[in-house]
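Novice: Pasting the sequence and the predicted coordinates here, then a few questions.
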Amino acid sequence: MKLASLIRSSSNQNGVPNLHWFSSVPDIKLHLDKAAKLKNLKHATQIHSQIVTTNQASLGNINSLLVVYAKCGSIKHAVLLFGTSPGASTSVVTWTTLITQLSHFNKPFQALTSFNLMRTTGIYPNQFTFSAILPACAHATLLSQGQQIHALLLKHAFHTDTFVATALLHMYASCGSMSLAENVFDQMPHRNLVSWNSMIVGFLKNKMYGRAIGFFREVLSLEPDQVSFSSVLSACAGLVELGFGKQVHGSIVKRGLVGLVYVKNSLVDMYCKCGLFEDATKLFCGGGERDVVTWNVMITGCVHSQNFEQACTFFQAMIREGVEPDEASYSSLLHASASIAALAQGSLIHCHVLKTGHMKNACVSSSLVTMYGKCGSLFDAYGVFGETKDCNVVCWTAMITVCHQHGCANEAIELFEEMLKEGIVPEYITFVSVLSACSHTGKVDDGFKYFNSMANVHNIEPGLEHYACMVDLLGRVGRLEEAWRFIELMPIEPDSTVWGAFLGACGKHGNVEMGREVAERLFKLEPDNPGNYALLANIYTRHGMLDEADEVRRLMGVSGVRKETGCSWIDVKNRTFVFNVNDRSHSRTREIYEMLQKLKELMKRRGYVAETQFATNSVEGSEEQSLWCHSEKLALAFGLLVLPPGSPVRIKKNLRTCGDCHTVMKFASEIFQREIIVRDINRFHRFTNGSCSCRDYW
């Protein structure tokens, strides 16, 4: 009676009812149900003790205990119970229960091991066993094992079972084999809505959005549920198929499902991705339940539509409504902060992340690294990266990209080599950053080594971004003929990024003929891009071919193409000050231009000569004066006026900084003993003591 007394005295803690000796099976079931509902592991172990003590360890009770332990979050107890219970290994039901729980706990290899062990002991799987093991293969994308199980269930004639067949097609879809999933679906004698939804979700996950929409049209003859509608809306978002998305919205309203949060989230996401941000906002604000996913969808939609300040506003509203942000919330908000280079706000989010314990999440950590990098703080980016435990490929790639963007290309390559030594498998985007780093350091041999390793070692098919990096790599070192041959031998059709990289190389090395031919190709590929016209005009201008340059500018006018006006902005005391070319709208304009004049005089004493080839659209004879009206120079002068001595000057620019401004920033960093950080459309330039982090190679 000591055990019973102990259990009675301790079991009323945390609101758990007292336990007594079980007198019947219904009593056991009642207490097991309560333990599962409360998810109280201690309560479950007490029930287990009484079952053993009262000799009621029947297979039915063992199966129930396995489920209860799993619901209490302890698969370890479930496995131990199975291994120590006499007779457990003789029942297909008990084996199936164990395999089901292992699969639910995302332990696919243990589930497969148990499945194989069951068969070696002479126990034949039933339809429920197959329905349990197939999701394990789906979780781990184990296609070959899944195909072996397919052959086995054919042998046992379970392929006609609707639930087994649905699990099978889901497995194939999760493994990326939609053709095999369709074969299973076509051979099913009976299909239910879950079968149809599994196909729609499979097409969606494999980005076969058109097929997903096609299957949904057939589901309309049945009674689609929220999974059907949510999935097809995601397919519409993927295809930017607004017309059909609106029809689906109408069907949802008719069926009275618009109030379901799961459906509402997909509707908001669809409207955001289809460019109807206002419609998404109206739907979001139209009442009804909103969970953290709803808020995340809206914040992500703001980021997608480049309403970065609005994303921050929604995040603050979410906090006020008492909704706890999750990893996705923080990642999206950090993306918004990075996009507007809001360092103070990003640092504040970092504090929130630390307080809420989300720093352990690799996605949040990588977003923090990217945020600090895009806000110009390489030191803080390194700090977050160094403090992140168990860095995954996303974290490594983020740090490599930040190093490259800050002109630390050698460090980026070293990080990549270190990542490989750690056994981290690189991804598609990792190689874009690494190849670009090789390009900006002139490491042609290393670039080709990494490029060739993509397919030969890592089984990654190079994409257009990688080919563009290689063209840029060859072009920067002046190997234009070789770059041209490389393009001609590409297995895929070169796009504007590839030809654009080549045109930039032609401009850098002054090859007029090649530049003209490449520019003509680009005019056809992207006729609305003013950068291509400007590049060709600059090539002509630098070679004294002024008539040809004027003809290119005339062609821009005829085609209705306008070059984006250059602007720069600088943050001072939580205020953003924007400067345009020739700007005289600021209240301290006179002081700004006086500072520029002072800087110019000091620089000329040190040997500065204006690089007038960067003075475009200026009247002859006034080229040097026009250079000193560039927006980043005005922002620099203002920063030197208002920021405390010795503090860094951080400038953002919407276009690529020109060569003359780059030279001026180098001189200014030495003259005023300031760190000057310029973030242009391509990269960061960190100027200290008269030199730039890009080593004048950008």
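Specialist: Done, it's in. The shown structure was predicted, so the numbers you read here are calculated from the model rather than taken from an experiment.
Novice: Output the helix or strand residue 595 falls within as CSV - backbone C-alpha positions only.
Specialist: Using DSSP states H and E, the element containing residue 595 is helix 589-605. Output of helix 589-605 as CSV, limited to C-alpha atoms (Å, rounded to 0.1, in the frame of the first residue of the first chain):
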residue,chain,number,x,y,z
THR,A,589,22.2,74.9,-47.8
ARG,A,590,24.7,77.8,-47.6
GLU,A,591,26.8,76.1,-44.9
ILE,A,592,26.6,72.8,-46.9
TYR,A,593,28.1,74.4,-50.0
GLU,A,594,30.7,76.3,-48.0
MET,A,595,31.8,73.0,-46.5
LEU,A,596,32.0,71.5,-50.0
GLN,A,597,34.2,74.4,-51.1
LYS,A,598,36.4,74.0,-48.1
LEU,A,599,36.8,70.3,-48.8
LYS,A,600,37.6,70.8,-52.4
GLU,A,601,40.4,73.3,-51.6
LEU,A,602,41.9,71.0,-49.0
MET,A,603,41.8,68.1,-51.5
LYS,A,604,43.4,70.1,-54.3
ARG,A,605,46.3,70.9,-52.1
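Novice: Show residues contacting it.
Specialist: For helix 589-605, the external contacting residues (Cβ atoms under 8 Å, 6 or more residues apart in numbering) are 583, 586, 608, 628, 633-634, 637-638, 640-641, 664, 667-668, 671. Where you see a C-beta, it was placed from the backbone N, CA and C, and this is true even at glycine.
Novice: Show me what counts as buried in that helix.
Specialist: For helix 589-605, a neighbour-count test (16 or more other Cβ atoms under 10 Å) marks 592-593, 595-596, 599-600, 603 as buried.
Novice: right, and out of those, which lies closest to residue 170?
Specialist: Within those, proximity to residue 170 (Cβ to Cβ) peaks at residue 592, which comes in at 64.3 Å.
Novice: From residue 631, how far out is that closest one?
Specialist: From residue 592 across to residue 631, the span is 12 Å (Cβ to Cβ, to the nearest Å).
Novice: re the thing from before, point out the ones among the contacts of helix 589-605 that are inside strands.
Specialist: Judged by DSSP state E, the contacts of helix 589-605 include no members of strands.
Novice: got the contact list for whichever strand or helix holds residue 234?
Specialist: Using DSSP H and E, residue 234 falls within helix 226-239. Applying Cβ under 8 Å, 6+ apart, the contact partners of helix 226-239 are 193, 196-197, 200-201, 203-204, 207, 209-210, 212-213, 216, 219, 241-242, 244-245, 248, 251-252, 257, 260, 262-263, 265-267, 269-270, 272-274.
Novice: picking up where we left off before, quick check: the farthest pair among the contacts of helix 589-605?
Specialist: 586 and 608 (24.8 Å).
Novice: Okay, now the unreliable bits of the protein?
Specialist: Across the chain, residues meeting the criterion (pLDDT under 70) sit at 1-27, 36, 57, 616-621, 697-698.
Novice: what ranges do the strands span in it?
Specialist: In the chain, the segments counted as strands under DSSP E are 567-572, 575-580, 649-653, 676-679, 684-688, 691-692.
Novice: who touches the closest residue in space to residue 312 that isn't next to it in sequence in this structure?
Specialist: The spatially closest residue to residue 312, leaving aside those adjacent along the chain, is residue 336, at 6.0 Å (Cβ to Cβ, 6 or more residues apart in numbering). Residue 336 is in contact with 299, 302-303, 308-309, 311-312, counting by Cβ under 8 Å, 6+ apart.
Novice: Tell me how far the nearest residue to residue 458 once chain neighbours are set aside lies from residue 416.
Specialist: Counting by Cβ to Cβ, 6+ apart, the nearest residue to residue 458 once its immediate chain neighbours are dropped is residue 426, at 6.1 Å. Using Cβ to Cβ, we find residue 426 at a distance of 7 Å from residue 416.
Novice: And these two? Which one has more around it.
Specialist: Legend: neighbour count by other Cβ atoms under 10 Å for residue 426 and residue 416, higher for residue 416 (26 against 22).
Novice: separation between the more buried one and residue 371?
Specialist: Computed as Cβ to Cβ, the residue 416 to residue 371 distance reads 21 Å.
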